[in-house]
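Participant: Sharing a model that was predicted from the sequence below.
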Amino acid sequence: MGTERKATRRFRSALQEELRLWRAEGIVSDDQAKTLERRYALGELAAEGTSLLMTVIYTIGALLIAGGVISFIAAHWTFIPKPAKVALLLAAMIGAHGSGYWLWRVRGSKPKLGHALVILGTLIFGANIGLMAQIFHIESHYYNGFLAWSLGAAAVAYALGSAPNAVIAIATSFIWYCGWKSDYHFEHALSLYPPLIAACGLPFIYWRKAGFTYLLLALAVSISFLMDVGAATDSFQGWMLGGAALALLLTAYGAWHRVVHPLPEIGVVSLWLGGIALATFAYLLSFGEMAHSLTREIWRHYGDQADLFLIVGAFCVVAMAGLSFAILSAMESWRDPVLRRYSLPLMAGMALFLLAVSGWTGQMATVFLANLACLALGVGLIWSGVAAERRSLFWLGAAFFALLILSRFLEYRTGLMLKAVAFLACGAGVIYGGIKFEGYLRVRRAARALRSTEGGPA
């Protein structure tokens, strides 16, 4: 057989349970079952579950110990001489990092515990920054301490390949950015934080294949970029244009990972983030008042911020080019079922790009295109759920579709009887669609079971 196939833990657990039934019913032979067990590493599930549990336990223990150390020092703070304070703080941090490194990398006997102690050392380092500033009466903005904490956590993350330390580095750097932005630099146009944090975080994510770390990094980059654009343009049009570009770029990046790069977990995260952003912006602009704000403010401060609008516009062009490449690649790999699931949401992303710039054409065009994008996203999710036989995608699309229809009836002035009919029709439609979908799933599973019993491909 080929190499071990990547699959989610949920799928592997379900497969393990099904294999027991298939063996008992004679659907698969013992040799076939063992082949599947080797292919999906089902024998490692118990060890993986124990490893995850121990990681969580050790991490919680490290957090509690950090709180205890800080509380102990705070309780005796006024009675401890200054040299003893410094020695105590450094000893706690070095002791946690040193013992963790020994257990994790040198001796290797307790890697999970060692990793948790390294995380504890990083947390103590963050507390030490504030306490050292108090000891030596160093006056500065509070967010500068988070910047120093972020740099230290990033150094440990790269030195030891620690994803939790990378998470700490991203979170603390974003806190620094928010403090810096809200203080006296809020009038600045575009800061260097979004590209810098992306340049610092992406190499680690590709190295360690850290999906959750990528999620946090993508949120930090996206939110900080939108804050920059909003502060620089002071315009709803500029904010929406930047948001549309980000949504398109995330969607294209995720599709590229699904097609080209062997990191599907990052692709899934990007596609979900891009899809959520697309749905959010499209739903907001589907309301007449929001579309009116977009068209009314399009020329506000444009003369003073022409260069910035050109930058964001160029960003949109790059995002659109990336999205087009992803769609073309998906069309070339049309047999890939994963890519087929995301084809319609990608097309909806194009519609969102059109509506983001439709503020130049007027309110009615913006509302029309926004509702069109919402419909495409809802239908895309429903179709993806049917194609992938996943209830979560189907019901998410149905809920979004129903929300869109009900929002239009609540927004516009219509009679109560007409609203009652709309509510009843939407409810009945959702129930009917759910019944048909569940029936479709039963038929598909029965057909696969029949083919398995007949010896054909499942």
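Facilitator: Nice, thanks for sending it over.
Participant: Next, the contact list for the nearest residue to residue 152 once chain neighbours are set aside, please.
Facilitator: Nearest non-adjacent residue to residue 152, counting by Cβ to Cβ, 6 or more residues apart in numbering: residue 125, 5.2 Å away. In this view, the C-beta of every residue, glycine as well, is placed from N, C-alpha and C. The neighbourhood of residue 125, defined by Cβ atoms under 8 Å, 6 or more residues apart in numbering, consists of 93, 149, 152, 153.
Participant: same question for whichever strand or helix holds residue 434, mean pLDDT?
Facilitator: Element membership for residue 434 (DSSP states H and E) is helix 416-453. Helix 416-453 shows a mean pLDDT of 71.
Participant: ok, now which ones touch the closest residue to residue 160 other than its chain neighbours?
Facilitator: Leaving aside its chain neighbours, residue 160 sits nearest to residue 118 (6.3 Å; criterion: Cβ to Cβ, 6+ apart). For residue 118, the contacting residues are 96, 97, 100, 101, 104, 156, 160, 162, 165, by Cβ under 8 Å, 6+ apart.
Participant: from those residues, which would you call buried?
Facilitator: 96, 97, 100, 101, 104, 156, 160, 162, 165 (16 or more other Cβ atoms under 10 Å).
Participant: so residue 207 is in which element?
Facilitator: Residue 207 is part of helix 193-208, with elements assigned from DSSP H and E.
Participant: Now that helix: buried residues?
Facilitator: Neighbour-count burial for helix 193-208 [16+ other Cβ under 10 Å]: 193, 194, 197, 198, 200, 201, 202, 204, 205, 208.
Participant: Kindly reformat the residues you listed as CSV containing distance to residue 413 and pLDDT.
Facilitator: Output for these, formatted as CSV (distance: Cβ to Cβ, whole Å; pLDDT from 0 to 100):
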residue, distance to residue 413, pLDDT
193, 45, 91
194, 43, 91
197, 47, 95
198, 46, 93
200, 52, 94
201, 49, 95
202, 50, 92
204, 54, 94
205, 50, 92
208, 55, 87
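Participant: What is the most widely separated pair among those?
Facilitator: Farthest-apart pair in these is 193 and 208; separation 22.4 Å (Cβ to Cβ).
Participant: Could you chop the chain up by domain?
Facilitator: By the assignment in automatic domain parsing, the chain contains the domains 234-407, 413-458.
Participant: Tell me where the model's unsure across the stretch 201-350 of the chain.
Facilitator: 233, 235, 258-262, 294-350 (pLDDT under 70).
Participant: make it 80
Facilitator: Low-confidence segments of the stretch 201-350 of the chain (pLDDT under 80): 229-245, 248-249, 251-265, 271, 290-350.
Participant: which residues of it fall in helices?
Facilitator: Using DSSP state H, counting those that start in this stretch, the helices of the stretch 201-350 of the chain run over 211-233, 236-259, 264-285, 288-296, 306-332, 337-341, 343-357.
Participant: cool, the stretch 51-200 of the chain as well?
Facilitator: The residue ranges that make up the helices of the stretch 51-200 of the chain, judged by DSSP H, counting those that start in this stretch, are 82-101, 111-135, 142-160, 163-182, 193-208.
Participant: need these in JSON lines with distance to residue 369, can you?
Facilitator: Formatted as JSON lines, those follow (distance: least, Cβ to Cβ, whole Å):
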{"stretch": "helix 82-101", "distance to residue 369": "54"}
{"stretch": "helix 111-135", "distance to residue 369": "47"}
{"stretch": "helix 142-160", "distance to residue 369": "40"}
{"stretch": "helix 163-182", "distance to residue 369": "32"}
{"stretch": "helix 193-208", "distance to residue 369": "27"}
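Participant: For residue 39, find the nearest of the ones you listed.
Facilitator: helix 193-208 (24.8 Å).
Participant: what mean pLDDT does stretch 85-103 have?
Facilitator: When pLDDT is averaged along stretch 85-103, the result is 90.
Participant: gap between that stretch and the chain center?
Facilitator: In terms of Cα atoms, centre = their mean, to the nearest Å, the centre of stretch 85-103 is set 34 Å apart from its chain centre.
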